[in-house]
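Student: A structural model of the following input is requested.
(chains A and B)
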Amino acid sequence: MSVYQSEDPLLQVHNVTRYYGDRIGCSDVSFDLWPGEVLAIVGESGSGKTTLLNCLSTRLAPTAGAIEYRMRDGAMRNLYQLSEAERRLLMRTDWGFVHQNAADGLRMNVSAGANVGERLMAVGDRHYGKIREKADDWLGRVEIASDRIDDDPRSFSGGMRQRLQIARNLVTHPRLVFMDEPTGGLDVSVQARLLDLLRRLVADLGLSVIIVTHDLAVARLLSHRIMVMRHGNVIEAGLTDQVLDDPREPYTQLLVSSILQV
Amino acid sequence: MTVMDQALETGTHDGAYNFAYLDEQTKRMIRRAILKGIAIPGYQVPFASREMPMPYGWGTGGVQVTASILGQDDCLKMIDQGSDDTTNAVSLRGFFEKTAGVKTTTETGEATIIQTRHRIPEQDLREDQILVFQVPIPEPLRFLEPRETETRKMHALEDYGLMHVKLYEDIAKNGHIATTYAYPVKVNGRYVMDPSPTPKFDNPKIDQMAALQLYGAGREKRIYAIPPYTEVKSLDFEDYPFEVQTFDKPCGLCGAENVYLDEVILDDKGGRMFVCSDSDYCEDRRAKGHVGPMAADPAASQIGGSPKGAGE
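Tutor: Model prediction:
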């Protein structure tokens, strides 16, 4: 599949604000996301990255602002005006969500094959052979051996779980995938492999991705564009290379200079 | 005449109890839940389940449903695992004899209300009969999704993909759908329902049944229902269709085929026989002269009881 080219944005975010009581989660965030684009949201812990991601993925209603998404029929729809049923369908067909902790995104007590097949069955696939074939194909794509298809994710290593979670999300060919620190908690060599895999899948499938990370190296490897957040505000945004090589804001300069050099 | 009038007229049975143990307000509340359940086939209606003078797991849900629909002219049959004379059946039959004073029977054809645990009688039920099930866990999605808020939402949105994940898992682990009881069904093309722990052998009987089916779960406080002649489909895959258990031998006592059989161990040398799980059906057949391959075995006289009319 080639990168889907379009003049129209896939996602439009207008002034999204989320308060937790009096405290600010994220404030007045606006941006557009185009098909095939990877956007990284970076910042330190507590800067509002995950709050923003949850607002965007309809997991947490924003206090103010609007989020519009281009449905498969081409129409822009306000996400928070969709019915619950429409929203669920969207989340399990057109979207993916990769959790930091794989156990949150997987069903730990059913086999890897069933984990990948769940979305297919949810949208009405009722042919065991075909479901299994597709699951096997996707396990192959994320470099999990076929003979592990009937094993529980509990018996998988951290890296394998994360790859399984990715396969489970991509099986319905989503157009937009949200990722929350997908490489968190993995050791560096496993991180590198996972990043390679992600980069390949994103390019092959022409996915749009919004990835939240505190790891600037991940942002540099995967993303086209970057948004830097601090205290709930976006303080700097631009092309990844530009922001990381020539940071304008003092805080971004601090972040960039904090990367450990080996 | 309503049950309430009857109760007022005849006074209480056995001194202290209201007719059929429950007070009339409780019965009204349960009847409302039953009516709602019938109106929405397969939907689990919450109700304010009462403490019953028996432990959870003994059929407190079924007993409350039966008590609410029971009238003085009813004839009650109690089944436990297909049998009329196991502990649960005997106790509950005794309970209603004592608190309601209604007629009881072991004959399927004679009963107007049949309360059952785990089996549906082999004999076809009629429109003027009601089958009451005792249900331990009414939520078919429970073992896949522990949150009640979430399972309710899943029912509301018909989000049933998870049910097939369970069946997928069965095939992946065992090569076939290994769920043999509490086999999930879709009622009237809408709600996925747990037909209580009946063997899947009985699932085809639920479909288009002439009798009204009421399901009561006392501990979980849920009532659901299947009205007469409702379509009930067992879930399956296109390439792994639903099928029921088959037995390669007929019943050892009455020779019946295509019925659900229980295995009975006869001695410690590997001796065993398979007999009808529905004891009334088996006795009835033997009374009509059907003889199974092991009916002459000395062990048969101990496990089968006597055919109807012979020893009473």
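Student: could you chop the chain up by domain?
Tutor: Because you didn't say which chain, this covers chain A. A:1-94+A:175-262, A:103-173 (automatic domain parsing).
Student: wait, chain B was what I had in mind.
Tutor: With automatic domain parsing as the reference, chain B has domains B:17-234, B:246-312.
Student: pick the most buried one from the ones you listed.
Tutor: domain B:17-234 (a mean of 20; mean count of other CB atoms under 10 Å in any protein chain shown). The C-beta positions use only the backbone N, C-alpha and C, and glycine is treated the same way.
Student: export the domains of chain A to a markdown table and tack on mean neighbour count, mean pLDDT and distance to chain B?
Tutor: Below are the domains of chain A laid out as a markdown table (neighbours: other CB atoms under 10 Å in any protein chain shown; pLDDT from 0 to 100; distance: least, CB to the nearest CB, whole Å):
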| stretch | mean neighbour count | mean pLDDT | distance to chain B |
| --- | --- | --- | --- |
| domain A:1-94+A:175-262 | 17 | 90 | 5 |
| domain A:103-173 | 19 | 93 | 3 |
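Student: okay, these in CSV with distance to residue B:286 next?
Tutor: Shown next, in CSV, are the domains of chain A (distance: least, CB to CB, whole Å):
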stretch, distance to residue B:286
domain A:1-94+A:175-262, 55
domain A:103-173, 43
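Student: so which of those gets nearest residue B:276?
Tutor: domain A:103-173 (33.8 Å; CB to CB).
Student: where do the strands sit along the stretch 201-312 of chain B?
Tutor: B:212-217, B:222-226, B:232-234, B:261-265, B:272-276 (DSSP state E, counting those that start in this stretch).
Student: one step back: where among the domains of chain B is average confidence lowest?
Tutor: Ranked by mean pLDDT, those end with domain B:246-312 at the bottom, a mean of 82.
Student: residues from the stretch 101-250 of chain B in reach of chain A?
Tutor: B:144, B:153, B:157, B:159, B:161-162, B:164-166, B:168-169, B:171-173, B:236-240 (CB under 8 Å from any CB of the partner chain).
Student: contacts only, for residue A:120.
Tutor: Going by CB atoms under 8 Å, 6 or more residues apart in numbering or on different chains, residue A:120 touches A:131, A:134-135, A:171-172.
Student: re earlier: got a markdown table for the strands of the stretch 201-312 of chain B, with distance to residue B:68 too?
Tutor: Shown next, in a markdown table, are the strands of the stretch 201-312 of chain B (distance: least, CB to CB, whole Å):
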| stretch | distance to residue B:68 |
| --- | --- |
| strand B:212-217 | 9 |
| strand B:222-226 | 9 |
| strand B:232-234 | 23 |
| strand B:261-265 | 31 |
| strand B:272-276 | 31 |
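Student: out of those strands, nearest to residue A:159?
Tutor: Comparing those under CB to CB, the one sitting nearest is strand B:232-234, at 39.9 Å.
Student: mind checking how far that closest one is from the chain centre?
Tutor: 16 Å (CA atoms, centre = their mean, to the nearest Å).
Student: over to stretch B:142-161?
Tutor: Using CA atoms, centre = their mean, the offset of stretch B:142-161 from its chain centre is 24 Å.
Student: kindly report the same for stretch B:157-176.
Tutor: 25 Å.
Student: please export the alpha-carbon coordinates of it; CSV is fine.
Tutor: C-alpha atoms of stretch B:157-176 as CSV (Å, rounded to 0.1, in the frame of the first residue of the first chain):
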residue,chain,number,x,y,z
LEU,B,157,-24.6,-1.8,21.6
GLU,B,158,-24.9,-5.4,20.5
ASP,B,159,-21.1,-5.5,20.8
TYR,B,160,-20.8,-9.3,20.8
GLY,B,161,-17.5,-9.9,19.1
LEU,B,162,-16.0,-11.1,22.4
MET,B,163,-18.3,-14.1,22.6
HIS,B,164,-16.8,-15.4,19.4
VAL,B,165,-13.3,-14.8,20.9
LYS,B,166,-14.2,-17.4,23.4
LEU,B,167,-15.4,-19.9,20.8
TYR,B,168,-12.3,-19.1,18.7
GLU,B,169,-10.2,-19.9,21.8
ASP,B,170,-12.0,-23.2,22.2
ILE,B,171,-11.2,-24.3,18.7
ALA,B,172,-7.6,-23.1,18.9
LYS,B,173,-7.1,-25.0,22.1
ASN,B,174,-9.2,-28.1,21.5
GLY,B,175,-9.7,-28.4,17.8
HIS,B,176,-13.5,-28.0,18.2
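Student: list the contacts of that stretch.
Tutor: Outside stretch B:157-176, the residues that reach it (CB under 8 Å, 6+ apart) are A:84-85, A:88, A:92, A:107, A:110-111, A:113-114, A:117-119, A:121-123, A:126, A:128, A:131-132, A:149-150, B:140-141, B:143-145, B:153-154, B:177-179, B:184, B:186, B:190, B:192, B:235-237, B:240.
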